[in-house]
Structure formats: structure tokens, C-alpha cells
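Trainee: Need coordinates for the below:
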Amino acid sequence: MPRPTLFGILNITEDSFSDGGRHLDPAAALAQARRLAAAGADVVDLGAAASNVDATPVPPEAEIARLAPLIAALQADGTAVSVDSFAPATQRFALRAGVDFLNDIEGFAEPALYPALAASRCRLVVMHAVQGRGRAQRVVVSPAAIWPRIEVFFAQRIAALEAAGAARERLILDPGMGFFLSSDAAASLAVLVRLDWLKRRFGLPVLVSVSRKSFLAALSGGTAPSERGAATLAAALYAAAKGADFIRTHDPAGLRDGLAVAAALDETERVIE
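Mentor: Okay, the predicted model is just below:
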């Protein structure tokens, strides 16, 4: 199977669910970004405001202050950069800075931003989330109900972005995972097993972000985020086998190695047959 593009997650935040506070210092953040790239991340995904259920809002000017030195340094390194933000002011800054990807948990819900999106060259990660706007919330949606919601959301949002002039080939679909789908872990499983259907339905690449998510803890004994490495790897490899084109991860080295083994097994199976 083709190797997915790996997004290395770097949270420059006080309260991200798995590593909040570790990389607020600009020097620490840059060092971690470079470690992610060296470990196999094709893109470093910068988030300067946490979007988990219990996070505290961060004003756009604070996001921008956290992002600016990192974007400049990584671009100087030749590293591809993604910015993960749903704040229009932060997104406009990222577009002006020339980032490679813009990643929005609201799926670009603000039409006033569309002219700037259309005029840019960066790729757009259009994410579905049950809460619609803002940070994740604790909402229960059944596995049966989640797919109709995802399909309607993407059909409408893709059409709106294309009508505004954003080229279809720039779009990447993220169906959401964990609390962005439901407090019920079964909803995340239901989406993972039908990733291939999502790709066929819209004919667009898909990004998956399962790394250290809460639904994995529900399946593996309630482990802390830092202890979900094995569960994360299992889910990420499954997503890759289902055709995920992009995978966000806190551990690009582990996922890179897992994907290499999976690819070797696939090739060996083809040779033997």
C-alpha cells in the first residue's frame, strides 16, 4: 500500500490533552519540531490553541505569537508546515506566512475567509466535527447516525469551497475522531472501518487523526494519553490499510517503522502468490 504522508503533531499549548505545557517555550517547540521531522514526519502540524473538551480559549493574537517564530524557522529548514487553527485571524496569518497546509476542526465554517482561501496555494484539511463550531464537546452520537452527518457535511462544505474558488484538488477530508465524533468509542470505530467508502464517495484524499485519542483508552483499559502508543499504532496502521492518505501522529518514528513492516509484508505476500 502507498505510504501515507505523516503529520507530526506539535502542540504549543498549555492544556492539550496529551502534552500541554511541554513546548510553550519557543526554543523547546523548535527543538521538538526538528525531532519530529528527523523522526519521519513529512509535515509538522502546529497547534497553538488546544481544541479538547476541557481546553481554555486562546485569543488569535496569542496563537500568532506562538506560531510566528516556528513557522519562519521551519520554513528556513525546508520543512513543510501545517497550522491547526479554527480562528479566522490566525488562519489569515498562516496564509500570509505561506504555510503548506491549513487544518481546521470547523472545516472552514467562516465564508468571509473563502476569498483568502481561494487565493492561496496551501492545501486545506476540511474536518468534520459533531459540535460544528468551537472546541470538542461531550456529545453522544450513535455509530448508525454518524455517517449520514459526515456525508451531508462534506457534500455541503466541499460545494461551498469550490463555489468560492478553492480548487477541489487542494482539499483533504478529515472525518474526525474521538470526541469530535461522539463520546461513544463505537462511532470512531465505525468511521475507521469505512474510510475507503469515504474516499470513493468524494474522490478526495483522507486524513486521519487517531493519535492518543480518548476512544482508544475506552478500548484499552482507560490508559493515560502517554500510554496509548500501542493502541494508537494499531489504529493508525488499520487506517493506512483502509486508504488513509495522511495520518497525524505524536510518534512519527514508530508509525514510520510500523508502515515499513506492513509494506514489506504486503510485498512478500504478492511475491509468494
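Trainee: Please count neighbours and contacts with C-alpha atoms only from this point.
Mentor: Will do.
Trainee: okay but A224 is in contact with L216, surely?
Mentor: No: counting by CA atoms under 8 Å, A224 does not reach L216; the two are 10.0 Å apart.
Trainee: Comparing these two, which residue is more hemmed in?
Mentor: L216 (25 against 13; other CA atoms under 10 Å).
Trainee: Check the gap between that one and V210 for me.
Mentor: 8 Å (CA to CA, to the nearest Å).
Trainee: overlap in contacts of the two?
Mentor: Residues within reach of L216 and of V210 at once, by CA atoms under 8 Å, 6 or more residues apart in numbering, are T232.
Trainee: Can I take it that A41 is in a helix?
Mentor: No: using DSSP: H, G, I helix; E, B strand; the rest coil, the assignment for A41 is coil, not a helix.
Trainee: Kindly tell me how buried it is, as a neighbour count.
Mentor: Count around A41 with other CA under 10 Å applied: 28.
Trainee: which residues sit in contact with it?
Mentor: Counting by CA under 8 Å, 6+ apart, A41 has contacts 5-8, 252-253.
Trainee: go on, G176?
Mentor: Residues counted as contacts of G176 (CA under 8 Å, 6+ apart) are 127-129, 208-209.
Trainee: Could you dump these into JSON lines and include distance to T268 and neighbour count?
Mentor: As requested, these are exported to JSON lines (distance: CA to CA, whole Å; neighbours: other CA atoms under 10 Å):
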{"residue": "M127", "distance to T268": "36", "neighbour count": "26"}
{"residue": "H128", "distance to T268": "37", "neighbour count": "25"}
{"residue": "A129", "distance to T268": "39", "neighbour count": "26"}
{"residue": "V208", "distance to T268": "27", "neighbour count": "25"}
{"residue": "S209", "distance to T268": "29", "neighbour count": "23"}
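Trainee: from these, which is closest to T13?
Mentor: S209 (18.0 Å; CA to CA).
Trainee: Isn't that closest one up against G178?
Mentor: No: using CA under 8 Å, S209 is not in contact with G178; the gap is 9.0 Å.
Trainee: Ramachandran coordinates for M127?
Mentor: phi -100, psi 140 (degrees, to the nearest 10).
Trainee: Isn't it up against F86?
Mentor: No: in this structure M127 lies outside contact range of F86 using CA under 8 Å: 10.3 Å.
Trainee: Find the residues that touch each one of those two.
Mentor: Common neighbours of M127 and F86 (criterion: CA under 8 Å, 6+ apart): 103-106.
Trainee: and the gap between S183 and S82?
Mentor: 27 Å.
Trainee: Those two: who's more crowded?
Mentor: Counted by other CA under 10 Å, S183 and S82 do not tie: S82 has more neighbours, with 26 against 20.
Trainee: quick one: the helices in the chain?
Mentor: 26-38, 60-77, 88-97, 114-119, 143-163, 185-192, 195-202, 214-219, 229-241, 252-272 (DSSP state H).
Trainee: With mean pLDDT and distance to L46 as added columns, please give these in a markdown table.
Mentor: Converted to a markdown table, the helices of the chain look like this (pLDDT from 0 to 100; distance: least, CA to CA, whole Å):
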| stretch | mean pLDDT | distance to L46 |
| --- | --- | --- |
| helix 26-38 | 94 | 9 |
| helix 60-77 | 95 | 7 |
| helix 88-97 | 97 | 11 |
| helix 114-119 | 97 | 18 |
| helix 143-163 | 95 | 23 |
| helix 185-192 | 94 | 24 |
| helix 195-202 | 96 | 25 |
| helix 214-219 | 88 | 21 |
| helix 229-241 | 96 | 20 |
| helix 252-272 | 94 | 15 |
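Trainee: Can you tell me which of those is nearest to A49?
Mentor: Closest approach to A49 among the helices of the chain (CA to CA): helix 60-77, 6.4 Å.
Trainee: which secondary structure elements does the closest one contact?
Mentor: Secondary-structure packing of helix 60-77 (3 or more CA pairs under 8 Å, 6 or more residues apart in numbering; DSSP states H and E): helix 26-38, strand 80-84, helix 88-97.
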